[in-house]
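Enquirer: Predicted model and sequence below, questions to follow.
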Amino acid sequence: MTAKRMGTKIFIRGTLTLLIFSAAAARLEAASRTGTTAANFLKIPVAVIPSGMAEAYTAMSGPDSILYNPAGLGLMENAGFSGTHNRYLEEMTQEYAAVACPTRYGTIGAGFSSLSSGKFTSYDSNDQITGETGSSHQLWVLSIAGGWPRTSAKLKDKYRMLQVDGHNEVPYRLSVGASLKKITEALDKVGGRAYAMDAGAILTLPGHMKIGVSALNMGGEQRFRFESHPLPAAFRGGVSREFGAGNDIMGLTVSADAVKYSDASLASSVGVSAAVLKTFQLRAGYQSRRDIGSRVSGGFGLNFDKFMDKTGFIRGAGIDYAYLAYGDLGATHRFGFQLFW
């Protein structure tokens, strides 16, 4: 049996095992603690590429790994930036930006996300209108990650459209990463803050396969006035597999995740990203649990890496879009920009 066929079988078995475990555990869980955590804006999908793939991103690599598994930053060979504007429900908007820079000591990453409610009418204790107010929710992240064995140089011929290392991957490479997070929320003049940590690991296997695990939002409570609530801690496990690595016509990445929040039942998600002619990307995803709206998400993108001067500073760029529907509440649209150097 060839290594390629063996890698495909391992990927299929791993994916099926992950999904079966997720479904079984969700059925066995009798109850959850929904509504008992603070800073639940952390659960809202924001980064455009993972959003189009139903957030099946635990075993993927790119600047957006800072949200799902900091170990993914340690597999990056080039510095990268990812930004997203989310036209959320009603008048709510969400902004997100992340940057990651490999160094001789590891990859350093930083990220920021902000959700704004817009203005709404405020009332006093007697239900009298007092004017307008609003709320804000912010996340700040600082990460560090490293991969072993180390690679010696930047990849001048690499394209990033699948958000994995592609045909330049090193089998049996391990990456670990950690993040420190600051979370703040404010309603009118009342606010609260909390600090948390993330940690994760990714193992790259032959056949362009990855297995990843991460723990997010660990530790800390957020206090508002006289009450404190824990953050929505999450445990994630995922696998990803790239097919057609280096193919100029068609490339395909399939990923699957199992996610357990501290205040919700276990859920699973599957995502697919197809790249055509190294220029066009189509993405789709499915989540097993969604409180409101469709469980299906999708998106597309344009990649300009093949048009870049490989001897120049900028190695790649792309624009992306993702669509998520929330039933009667309406649809949300995410617009993103990627840059690599």
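Expert: Received, thanks. Numbers count the residues shown, from 1 in each chain.
Enquirer: Can you report how many residues neighbour F307?
Expert: Burial measure for F307: 10 neighbouring residues, criterion other Cβ atoms under 10 Å. (C-beta placed from N, C-alpha, C; glycine too.)
Enquirer: repeat for F81
Expert: F81: 16 neighbours (other Cβ under 10 Å).
Enquirer: Run through the bridge partners of it.
Expert: V99, L339 (DSSP bridges).
Enquirer: what residues are up against it?
Expert: For F81, the contact set (Cβ atoms under 8 Å, 6 or more residues apart in numbering) comprises 63, 97-99, 337-340.
Enquirer: can you do 7 Å?
Expert: 63, 99, 339 (Cβ atoms under 7 Å, 6 or more residues apart in numbering).
Enquirer: Give me the pLDDT for it.
Expert: pLDDT recorded at F81 is 97.
Enquirer: from here on, count from 687
Expert: All set: I'll call the first residue 687, so the last point we hit is now F767.
Enquirer: That one and P918, how far apart?
Expert: To P918, F767 is 27 Å away according to Cβ to Cβ, to the nearest Å.
Enquirer: what's the answer for R975, then?
Expert: Taking Cβ to Cβ, one finds R975 at 14 Å from P918.
Enquirer: Which one of the two is surrounded by more residues?
Expert: P918 (21 against 15).
Enquirer: Please give me every residue in contact with the closest residue to the more buried one other than its chain neighbours.
Expert: Using Cβ to Cβ, 6 or more residues apart in numbering and skipping residues adjacent in sequence, the residue nearest P918 is T723, 4.3 Å away. Residues near T723 by Cβ under 7 Å, 6+ apart: 915-918, 948-949.
Enquirer: Go again with 8 Å.
Expert: 915-918, 947-949.
Enquirer: Give me the subset of these lying in strands.
Expert: 915-916, 947 (DSSP state E).
Enquirer: For those residues, give me CSV that also has distance to S821 and neighbour count.
Expert: Output for the ones in strands among the contacts of T723, formatted as CSV (distance: Cβ to Cβ, whole Å; neighbours: other Cβ atoms under 10 Å):
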residue, distance to S821, neighbour count
H915, 16, 18
P916, 20, 19
Y947, 22, 23
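Enquirer: before we move on, the earlier item: can you tell me which one of the contacts of F767 sits lowest on pLDDT?
Expert: For these, the minimum pLDDT belongs to L1025; the value there is 93.
Enquirer: That residue against G766, yeah?
Expert: Yes. At 6.8 Å, L1025 counts as touching G766 under the criterion of Cβ atoms under 8 Å.
Enquirer: Settle it for me: which of these two has more neighbours?
Expert: Per other Cβ under 10 Å, whichever of L1025 and G766 has more neighbours is G766, with 26 against 18.
Enquirer: check contacts around that one.
Expert: 748-749, 785-786, 846, 1024-1027.
Enquirer: how far away is it from A872?
Expert: 31 Å.
Enquirer: Likewise for D943?
Expert: From D943 to A872 the distance is 31 Å (Cβ to Cβ).
Enquirer: R1001 too?
Expert: 39 Å.
Enquirer: Looking only at neighbour counts, state which of these two leads.
Expert: R1001 (24 against 15).
Enquirer: okay but the more buried one is in contact with F1026, surely?
Expert: Yes. Look at R1001 against F1026 with Cβ under 8 Å: they come within range, at 4.9 Å.
Enquirer: what is in contact with those two at once?
Expert: In contact with both R1001 and F1026: 764, 991, using Cβ under 8 Å, 6+ apart.
Enquirer: And S941, how close does it get to T793?
Expert: If you go by Cβ to Cβ, the gap between S941 and T793 works out to 21 Å.
Enquirer: And A901, by the same measure?
Expert: 19 Å.
Enquirer: With K868 instead?
Expert: In terms of Cβ to Cβ, K868 sits 20 Å off from T793.
Enquirer: So between those two, which is more surrounded?
Expert: T793 (27 against 14).
Enquirer: for the more buried one, which residues make a bridge with it?
Expert: Beta-bridge partners, per DSSP bridges, of T793: P788, A831.
Enquirer: didn't it look like it was pressed against V785?
Expert: No. Contact criterion Cβ under 8 Å: T793 and V785 do not qualify, at 10.6 Å.
Enquirer: hang on, isn't G878 packed against E871?
Expert: Yes. G878 is within contact range of E871, at 5.6 Å (criterion: Cβ under 8 Å).
Enquirer: Now the common contact residues for these two.
Expert: Each of 724, 908, 910 lies in contact with both G878 and E871 under the rule Cβ under 8 Å, 6+ apart.
Enquirer: Might you report the residue contacts of the last one?
Expert: So the one you mean is F910. Counted by Cβ under 8 Å, 6+ apart, F910 has contacts 724, 871, 876-878.
Enquirer: ok, back up a step: switch the ones in strands among the contacts of T723 over to TSV; also include pLDDT.
Expert: Compiled in TSV, these are given as follows (pLDDT from 0 to 100):
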residue	pLDDT
H915	80
P916	87
Y947	92
